[in-house]
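Participant: need coordinates for the below:
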Amino acid sequence: MSPKRPPALDRIDVKILAALQRNGRITNEKLAAAVGLSARACLERVRRLEAAGIIAGYQAQLELAQLSRPVNVFAEIILEKQAQQNRFEQRLAKVEEVVECWEVSGTVDYLARFVCADLAAYQALTTGLIDDPNLGVARIVSHVALRPIRRFTGYPESLLARKPV
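Facilitator: As a prediction, the model looks like this:
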């Protein structure tokens, strides 16, 4: 069975997606007014976007500094052998302090963002990754974040409209 093709998006769908990125708790009535639809029509569109997997979920954005003083570290990770890539990725997926990780092109294999209680916790975590011969980590270059300049708040609206193929 072939994968289900996502629905075509019009400008109203794009407005809905943009609004929900800014405020996932907006009431359906306010969302409908913002995009120029009736509440029922708006809800049907949101449900269609959810069913298609375009809206993958909703979550609260936490201000972690209100709860603790974590250390954010961006790490460049280089593997010795690409053959161990699957094993490494499976291990990294189980580390809750890895809040984001991307495979990248260039001189490094991965860019990961770690959020740890302190530098000692980060060091213990990365030492464990490097010392495990089954993972094949050659090197980790760490960049301790000093302060955020701009945080992710959603994708640009210009990217939400699907280009014709």
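Participant: might you list the low-confidence residue ranges for this structure?
Facilitator: The chain contains residues with pLDDT under 70 at 1-6, 162-165.
Participant: give me that answer again for 50
Facilitator: Within the chain, the stretches with pLDDT under 50 are 1-2.
Participant: now do the strands in it.
Facilitator: Counting by DSSP state E, the chain has strands at residues 71-79, 98-103, 110-116, 137-144.
Participant: out of the ones you listed, which is closest to Ala39?
Facilitator: Each of those was scored for nearness to Ala39 using CB to CB, and the closest is strand 98-103 (35.4 Å). In short, each C-beta sits where N, CA and C put it, glycine included.
Participant: how about the CA coordinates for that closest one, as PDB?
Facilitator: The C-alpha trace of strand 98-103 is given here as PDB (Å, rounded to 0.1, in the frame of the first residue of the first chain):
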ATOM      1  CA  VAL A  98      20.100  15.000  24.400                       C
ATOM      2  CA  VAL A  99      17.200  17.300  23.600                       C
ATOM      3  CA  GLU A 100      18.100  17.600  19.900                       C
ATOM      4  CA  CYS A 101      20.500  15.900  17.500                       C
ATOM      5  CA  TRP A 102      21.000  16.200  13.800                       C
ATOM      6  CA  GLU A 103      23.100  14.200  11.300                       C
END
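Participant: who touches it?
Facilitator: Contacts to strand 98-103, defined as CB atoms under 8 Å, 6 or more residues apart in numbering, come from residues Leu92, Asp109, Tyr110, Leu111, Ala112, Arg113, Phe114, Val115.
Participant: still on that earlier bit, and of the strands of the chain, who's closest to Gly57?
Facilitator: Of all the strands of the chain, it is strand 98-103 that lies closest to Gly57, at 15.8 Å by CB to CB.
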